[in-house]
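**Student:** Take a look and give me a structure for this.
(2 chains)
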2 protein chains.
Amino acid sequence: MFLGFPDRFFTFQFKIDVMKPLLAVTLFVCLSTVGYSQTTDKDLIKGIFDAALKEGKSYQMLHSLCTKVGHRLSGSPGAAAAVEWGRHTMDDFGFDSVWLQPVMVPHWVRGQAEVGRVVNSKKIGSKDLTILALGGSIGTGPAGISAGIIEVKSFDELKQYGEKNVQGKIVFFNRPMDPTKINTFAAYGGAVEQRANGASEAAKLGAVAVMVRSMGWTNETYAHTGGVRYAPMVRQIPAVAISTQHADLLSKLLKDDRDIQFYLETHCEMLEDAPSFNVIGQIKGSEYKDEIIVIGGHLDSWDVGQGAHDDGAGCVQAIEVLRLFKMMGYKPKRTIRAVLYMNEENGLRGGQKYAEIAKAKRENHIAAIESDRGGFAPRGFTMSGSDAAKAKLKNWKALLEPYDLWDFSQEGGGADIGPLAPQGTMLIGYLPDSQRYFSYHHTQEDTFDKVDKRELELGSASMAALVFLLDRYGLK
Amino acid sequence: MFLGFPDRFFTFQFKIDVMKPLLAVTLFVCLSTVGYSQTTDKDLIKGIFDAALKEGKSYQMLHSLCTKVGHRLSGSPGAAAAVEWGRHTMDDFGFDSVWLQPVMVPHWVRGQAEVGRVVNSKKIGSKDLTILALGGSIGTGPAGISAGIIEVKSFDELKQYGEKNVQGKIVFFNRPMDPTKINTFAAYGGAVEQRANGASEAAKLGAVAVMVRSMGWTNETYAHTGGVRYAPMVRQIPAVAISTQHADLLSKLLKDDRDIQFYLETHCEMLEDAPSFNVIGQIKGSEYKDEIIVIGGHLDSWDVGQGAHDDGAGCVQAIEVLRLFKMMGYKPKRTIRAVLYMNEENGLRGGQKYAEIAKAKRENHIAAIESDRGGFAPRGFTMSGSDAAKAKLKNWKALLEPYDLWDFSQEGGGADIGPLAPQGTMLIGYLPDSQRYFSYHHTQEDTFDKVDKRELELGSASMAALVFLLDRYGLK
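**Tutor:** Modelled structure (predicted):
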C-alpha cells in the first residue's frame, strides 16, 4: 500500500557529519543501494531507529532535566527553570522557531513535611506513618487534626456508614489497585477515584480529613501524591496519601482496635495563580506548512522525585523527534511541532491554552501525539479519531512491528492533547509497556536512574517513525 | 479451535484456602458462572495470571536465592548451597517428588582480584582499568604479564596484522555490540565470538593474552565476564574482559600512543571437575504420566552479582509453574517437571546429563520450555520442533495475546534443553522483552533489585499458561 504514494513528494537529504561516521555509512549505503527516489519507508524508519539508538540525545536530555532542574510543580521555581531548560535545549538544536506560550497556572505549595501519627495503638503505641499531602489539598495548619479513623474500600461502603459514623472522623480509603490487571493503567483507573474524589465524598458526611491508600503496589515504603479534586459547594478537608505498606499496617491495627486516634498535620496551601508557559519548538513544513503534526509531553511534575518517567521522558522524546529529523536532514512536508505542556498534573491549563490558541489562530492540527506513560519499551499506540484515520494508522503496523510496536487496538490519546479533539485533530498516545510505571508514578522514586537508556530511545524513535509516516502520507 | 477438544479430559479442582479469599472468590465465580465442564481455556488462563500476580511466590523465592545464596558458579560453595535451596524450596511446596540428579561439573576459580594497568601512557601516566577475567581462563599468576597492546575489531583484522605484529602482544578485541539491533540478543550474537574464541585466534599468532571489550553497552563502568573457549591444540593464554568505558578510554589512548605498555595480572585457575547436581521437582500426570513436559532455568551463575536475571529468574519461574498448579488444585494429565540445571554458564553439563538420563530411561519428553532471557515483561515464545507442533502452538496465540504474549515468530529453544532435541522433544523458549538484559548479564549488576516483581510474575504465569495448554491438548 505504501508504493501507491508518489515518491516525488518525498525528500530526504543527508547531512554529512564527520563526527558520526557509522551512521553516515549506514544511511549512505542504504540510499546508494536502493536509489534516491526509491528509498523505502522501511529503510527510512530503520534509519530513524538507528540514529536514535546510536546517536540519540534523549537520555542525555533527560539526565539534564532531572538533575539540573529536578522536580517542577506548576508555579514553582523548578517549573520556571524547566521552561528555560526547554527553550534553551530546543534553541541549541536550531529548530526553525522556538517560543513560549504564556499560561496562568495553579500554584500549590506543600510547605513543611507532613506528620501522620498513630497516637495510641494498643499494639504499637505511638508511631509515625509515611504520608504525603495530595496535590491541591488544603492544610491542617500547625494545630493539626486529631481524630478517630474509619476505614472503607469504596464510596458505597462510606455511604453505608452514614453521617453518624463518619462525622468528625478521618476517612481512610484503602481499596488497593487490582494487581491482576495486565494493563496497569486499568488498575490505576479502578482505584484513583478514592484519591481524586474521596475528600469531597467524605466531607459530605462530616469527615474532618481523608487518608488515601497510595496508588501503588503493595508493600511500598513511600507514598504517591497526585491531585485531589474538591467538588464545588462541598467543604474542603485535608487529604493525604499513605504508603501501601503503612496502609496495610494501619488496617491491621484498626481490626483489633477501632478506637485508634490519629494525628495529622499538613502545611500545604493553594496560592494565587502564577504565570507560566508552554514551551514550543517547530520545524516548518516544506509543502503543506499549514498542516500541523504536534508531539508532546508535559513539562511540569509533582514536587517529589525528579519527574523522570512522568513526564520528563515524554518531553525529551518530543524534542528528540525534531532533533532526529534535523540531524538526518529530513525536511518534513508538514509542520512538526514539539510542545512541552505546563500543568498537566494539577490543572491541565497548558493543554487547554494550547488548544484555545490553536482554535483562535485557526490552525489545522491534523494529528497530536502524546507520550505520558513513561519511558519504557514500545508496545504500540492508542488512538482516537475517525475510522478512516484509524484504519490508515493500523495499515502501517507491518512497518512498525519490527520495533515491537504491535498493539494498535486501544482507544485514547492523552490528557494534554484532549482539548484539541473538538478541532477534528486525530489523537494518538504512545503506548509503552506499563508494568513498572506505577512503582514510580508521583513519588520520590521517579528519578533518572529508573529510566533505561535504550527503552527511552526506542520510545523517541517510535514517535519519530509515526510522525514520519503521518508527515509523508497525511491523514486524508 | 479450542472447543474441538473434549472437556471430559480436563479436570480442574479447587482447593479452598481461607487465607486466600480474593482468589477463591474470583475463580469460584468463574467456575460457577460458566459451569464446571464448560470452563474455558480463557478463564483458566486468567486464573493462572490472577494467581501469579495476586498470590505469587516468584519474587519471594528470587529474593531468597539472591540474598541467602548469592552467586553460585559451578563447583563453588554457592552452587552447593543453591542445590540445597532448590531442593528445600520444592520440598516445602510439597511437589509429588523432588530429587537431585548427580553431574560432574568444571570447577574454575577466579582467585584474588585482577589487575589491569596502563603503565606508561603519555597522557595519563599509570592507571588501573576495570577488568574481569573470563570464565575458564588460565591466570597470569602473580608475576603478571607486561606487554604492548594491539587493538582490533575482528578476527579478519587480526589476521591482517599477522604473526609479526601480534607476537608477544596483548590483543585487545574492541568491536562493540551493535546498538541498532532491536533484539539485543542479536547484538550480543554479533560480538560474542570475540569473547568466546578471541583467545585462541590471538594465540595462533603468538599473542600473550587477550582483553575483550565487555559484552555490554557503551559507557558502563563494570566489566562483563562470560566463558572463553580454548580451541584444542592451541596454546592457552589469559583472557579478560574490560569495561566498555575503559575499552573506549584505552582505544583513545592507543590512537595517540601505540606503544602503551599494559600490565595484566590474574589469579584464576581450572581445578579438577567437581560433583554437583541438577535439581528436579515433579507433579505426576493423572492420565498420560509417561508424557513429560519439562520447564526449567539454570541454577548456576557467574561468580559476580547474584545471578538474578541470569538465571535465578528462570529457576523461580519453573518452580512457580508447579506451585501455581498445586495451589490452584490443577491436576495435570501429563507429568510436569521443573528442572534447575547446573552448569549452563561454563559447560552445559547439567543439560547434557539431563538429556542423557532421559534417553537411557526412554522417557518421553513431549516439550521442554526454558526461561533464560531474564525476568522481564512477556513478549512471546520462541520454538523449535515439527511444523505441526509449531502450528499448534501458534494457534494458541489468541489466548495468550491478552497477556502481551504476541511474538511466536522466532526459531529457538534454549541452551539447557537443546540436548533433548534428538529425542524429538519440542523446544520452547520464553521470550521476554530484551532491552535491559545486557546491562546486567554476567556482571556485578545482576542483582535482585534489578528485577521488577510484576515482570517476573508475568513470566511465571506465561510459562504456566503455556504448560497448561500443552498439558490439556498435548502436541499430537
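
**Student:** for chain B, what are the nearby residues on the stretch 351-476 of chain A?
**Tutor:** A:377, A:379, A:402-404, A:406-407, A:433, A:435-436, A:439, A:452-455, A:458 (C-beta under 8 Å from any C-beta of the partner chain). Placement of C-beta: from N, CA and C, glycine included.

**Student:** Can you give me the pLDDT of residue A:465?
**Tutor:** pLDDT recorded at residue A:465 is 98.

**Student:** So which residues on the stretch 201-350 of chain A come close to chain B?
**Tutor:** Residues of the stretch 201-350 of chain A found near chain B (C-beta under 8 Å from any C-beta) are residue A:217.

**Student:** Which parts of the stretch 201-350 of chain A are strands?
**Tutor:** For the stretch 201-350 of chain A, the strands defined by DSSP state E, counting those that start in this stretch cover A:209-213, A:239-242, A:261-265, A:269-283, A:288-298, A:334-341.

**Student:** just the angle between the fifth one and strand A:269-283, please?
**Tutor:** In this structure, strand A:288-298 runs at an angle of 140 degrees to strand A:269-283, with axes from the mean of the first three to the mean of the last three C-alpha atoms, to 10 degrees as the basis.

**Student:** same thing with the last one?
**Tutor:** On the basis of the same axes, to 10 degrees, strand A:334-341 is oriented at 160 degrees to strand A:269-283.

**Student:** For strand A:334-341, name the packing helices and strands.
**Tutor:** Under the contact criterion of 3 or more C-beta pairs under 8 Å, 6 or more residues apart in numbering or on different chains; DSSP states H and E, strand A:334-341 touches helix A:77-92, strand A:269-283, strand A:288-298, helix A:313-328, helix A:349-360, helix A:453-473.

**Student:** Indicate which one of these is closest to residue B:147.
**Tutor:** Proximity to residue B:147 (C-beta to C-beta) singles out helix A:453-473 among those, at 34.7 Å.

**Student:** low-scoring stretches of chain A, by residue?
**Tutor:** A:1-39 (pLDDT under 70).

**Student:** What sits closest to residue A:138 if chain neighbours are left out?
**Tutor:** Distances taken as C-beta to C-beta, 6 or more residues apart in numbering or on different chains place residue A:236 nearest to residue A:138, at 5.0 Å, with adjacent residues excluded.

**Student:** Could you pull up the residues touching the residue sitting nearest the centre point of chain A?
**Tutor:** Taking C-alpha atoms, centre = their mean as the criterion, residue A:372 is the residue nearest the geometric centre of chain A, at 3.1 Å. Residue A:372 makes contact with A:297, A:298, A:310, A:311, A:314, A:344, A:414, A:415, A:416, A:429, according to C-beta atoms under 8 Å, 6 or more residues apart in numbering or on different chains.

**Student:** and the two most separated of these?
**Tutor:** Pairwise distances across the contacts of residue A:372 (C-beta to C-beta) peak at 14.1 Å, for the pair A:310 and A:429.

**Student:** Please identify which of these two sits among more neighbours.
**Tutor:** A direct count of neighbours by other C-beta atoms under 10 Å in any protein chain shown for residue A:310 and residue A:429 places residue A:310 higher, at 26 against 23.

**Student:** how much space between the more buried one and chain B?
**Tutor:** Applying C-beta to the nearest C-beta, to the nearest Å, the value for residue A:310 to chain B is 17 Å.

**Student:** do the same with residue A:250
**Tutor:** The spacing between residue A:250 and chain B, counted by C-beta to the nearest C-beta, is 19 Å.

**Student:** In this structure that residue contacts residue A:172, no?
**Tutor:** Yes: Residue A:250 lies in contact with residue A:172 (C-beta atoms under 8 Å); the separation is 6.7 Å.

**Student:** Need the overlap of contacts for the two.
**Tutor:** The contact sets of residue A:250 and residue A:172 overlap at A:149, A:151, A:242 (C-beta under 8 Å, 6+ apart).

**Student:** Turn the residues you listed into a markdown table, including neighbour count.
**Tutor:** Shown next, in a markdown table, are the shared contacts of residue A:250 and residue A:172 (neighbours: other C-beta atoms under 10 Å in any protein chain shown):
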| residue | neighbour count |
| --- | --- |
| A:149 | 21 |
| A:151 | 20 |
| A:242 | 24 |
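
**Student:** Using TSV, lay out these together with distance to residue B:272.
**Tutor:** As requested, the shared contacts of residue A:250 and residue A:172 are exported to TSV (distance: C-beta to C-beta, whole Å):
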residue	distance to residue B:272
A:149	65
A:151	63
A:242	58
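
**Student:** of the residues you listed, closest to chain B?
**Tutor:** Chain B has its nearest neighbour among these in residue A:151, at 17.1 Å by C-beta to the nearest C-beta.

**Student:** Do a quick rundown of the helices in chain A.
**Tutor:** Along chain A, the segments classed as helices by DSSP state H run A:21-34, A:41-55, A:58-64, A:77-92, A:155-166, A:184-189, A:193-204, A:244-256, A:313-328, A:349-360, A:387-395, A:397-400, A:437-440, A:453-473.

**Student:** Just tell me which of those helices ends up closest to residue B:447.
**Tutor:** helix A:437-440 (16.9 Å).
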